[in-house]
Structure formats: C-alpha cells, structure tokens
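Undergrad: sequence first, then the predicted structure:
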Amino acid sequence: MAESTDPAPYRFTYQDIHRTVRSIAERIEASLWSPDLIVAIGSGGFIPARMLRTFLDRPILAVGVSYYDDEDRPTDNPRTVQWIEEAERKLGGKRILLVDEVDDSRSTLAYCVRELLRHAPAEVAVAVLHDKRKPKREELPPEVTRYWKGLEVEDRWIKYPWDAPDIDEHDALARGGDRP
C-alpha cells in the first residue's frame, strides 16, 4: 500500500477553540458592532456559536445545510436540511451573526447568507473559527461587510474535538501534532 502524501490534519482541543472564539468575540466587541442574534450553521457551527453566546449574550438560531446526498455522496449545490421557522418575524430588521467552524470553499456561507438576506435583516455578518488559505468557489454577497475569522490556516483537513470518538486520544495528538 502506498504511503499517503497528504499532510497531517490539524487538530484543535476544546481549549484551543475556546481561546479562538474568545478572540473573535473580543474583536466583535471592539468593532462596536453587536448582533441581535446568532445563527449557527449545523453541524460545525453549533459549538462555536454556543461559545460565542457566552461572550456576546445573544440568542442562537440554527440552520442545517448539506453538501451530501442521502448516500453521503458530495453534491454540486447545497440543500437545506433545516431552516428557521417563522423566519420573517425572527430575522427581519435584525443584525445577524452567521457562525460556522471553517470557511473552506465558502459555498455554505454564501448560500446561507443569500437565504438570510431573503428575510430582510438589517445586516448579516460572518464569523468562522478557521479560514483556509485557498481560492474560494464563491464570494460572499456584497451585503456582508463584516467578517471575523479566528485563524487563517493552510488547506488541510481539520479534526475538531467534537468529532473525536476518543477525546483523550484527540487531545494527545493535538498536543503532539501540528497546529498553526
């Protein structure tokens, strides 16, 4: 069997994620901008959004978007798995902070922003833990004028602690492995 030439994935501990989220929250607060609500993109944005709530003290709504079909095959376009009920009442005129764990191709973020804009928010801003240094498949709509990223990382797979079946093993690998 040939050895893989793919670089080792990044691994981050919960403590790493907490520090990154705190940094994002501090920069949001320093900008003097404040969201009315946080929208988490599931499943990767759930935990960072909840952590941001600790610092920003805003309610969280959740959306689910998938780039995979029912047999886990990648698709060209996202599909909505879960959306916010009564969106017009909850989103209209509000300042929304859209949160995800990673800005990879940017397709999920762009799709969600376009969907949110259909409901006439006052503003949509974006926060991500990690922004991969690579060409993006899509641009964010021009209405997004605020974008906060925790860390900019190379284009490598990221293993988050919430995906680890064995958190002790994950943390040991994170401490001994490569992190930006």
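TA: Cool, got the structure.
Undergrad: Pro48 contacts Leu98, doesn't it?
TA: No. Between Pro48 and Leu98 there is no contact under Cβ atoms under 8 Å: 11.1 Å. C-beta here means a position set from N, CA and C on the backbone, and glycine is covered the same way.
Undergrad: helices of this protein, start to end?
TA: Using DSSP state H, the helices of the chain run over 14-30, 46-56, 87-91, 107-117, 167-176.
Undergrad: in the second one, which residues are buried?
TA: So that's helix 46-56. For helix 46-56, the neighbour count (16 or more other Cβ atoms under 10 Å) marks 46-49, 51-53, 56 as buried.
Undergrad: that older thread, of the helices of the chain, which shows the lowest average pLDDT?
TA: Of all the helices of the chain, helix 87-91 carries the lowest average pLDDT, namely a mean of 72.
Undergrad: circling back to that earlier point, which of the buried residues of helix 46-56 lies closest to Glu29?
TA: Leu56 (7.6 Å; Cβ to Cβ).
Undergrad: check contacts around the closest residue to that closest one other than its chain neighbours.
TA: Among residues not flanking Leu56 along the chain, Ala25 sits closest, at 5.8 Å (Cβ to Cβ, 6 or more residues apart in numbering). Shown in contact with Ala25 (Cβ atoms under 8 Å, 6 or more residues apart in numbering): 52, 55-56.
Undergrad: so what's Pro35 up against?
TA: 28, 56, 58, 94-97, 125.
Undergrad: overlap in contacts of Pro48 and Leu98?
TA: Ala127.
Undergrad: can I get the contacts of Ala25 in a markdown table including distance to Arg19?
TA: A markdown table is the format used below for those (distance: Cβ to Cβ, whole Å):
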| residue | distance to Arg19 |
| --- | --- |
| Leu52 | 13 |
| Phe55 | 12 |
| Leu56 | 16 |
